[in-house]
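Novice: got a predicted structure here, sequence first:
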Amino acid sequence: MLGKDLAEQIFEIPRECRVILYGNDHFAAEVFVADPAPGKVTPFVHLCLEVEDREEFVKRCEAMHVEVNCIPKEDALLTFVKDYDGNLFEIKESPG
């Protein structure tokens, strides 16, 4: 479940959303199941990318004036970037 507060921080939509996880050792997909939000065609849309060095990736994004949003969640830090066209990408660091 994506909680209301976190949904607002990430997607600017203050409501809960059910999340279904699919995947295996090589692929993972989180499917957000929600009714359309007012004014948005698809309310919870983003793509997650895994990078070797998240900190360096974020520095490069900031240098190129790409919007970066870091959100604390429990013991982790969720990192999102929004490209020049408004597409939202979650950035995770590769394990190991």
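Specialist: Great, that's in hand.
Novice: in this protein, where's the longest helix?
Specialist: Across the chain, the longest stretch assigned as helix under DSSP state H is helix 54-63.
Novice: any buried residues in that one, and which?
Specialist: 54, 57-58, 61 (16 or more other C-beta atoms under 10 Å). Every C-beta, even on glycine, is put in place using the N, C-alpha and C of the backbone.
Novice: which elements pack onto the one helix or strand in the chain whose mean pLDDT sits lowest?
Specialist: Lowest on mean pLDDT, DSSP states H and E among the helices and strands of the chain sits strand 28-33, with a mean of 86. Packed against strand 28-33 by the contact rule (3 or more C-beta pairs under 8 Å, 6 or more residues apart in numbering; DSSP states H and E) you find strand 18-23.
Novice: any idea how far the strand it packs on is from the middle of the chain?
Specialist: 14 Å (C-alpha atoms, centre = their mean, to the nearest Å).
Novice: partner strands of it, parallel or antiparallel?
Specialist: Strand 18-23 sits in its sheet next to strand 28-33 (antiparallel), going by DSSP bridges.
Novice: C-alpha coordinates for the partner strand, CSV please?
Specialist: Written as CSV, here are the backbone C-alpha positions of strand 28-33 (Å, rounded to 0.1, in the frame of the first residue of the first chain):
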residue,chain,number,x,y,z
ALA,A,28,10.5,-6.2,-10.9
ALA,A,29,7.3,-4.3,-11.5
GLU,A,30,5.1,-2.4,-9.1
VAL,A,31,1.6,-1.8,-10.4
PHE,A,32,-0.3,1.1,-8.7
VAL,A,33,-4.0,0.4,-8.7
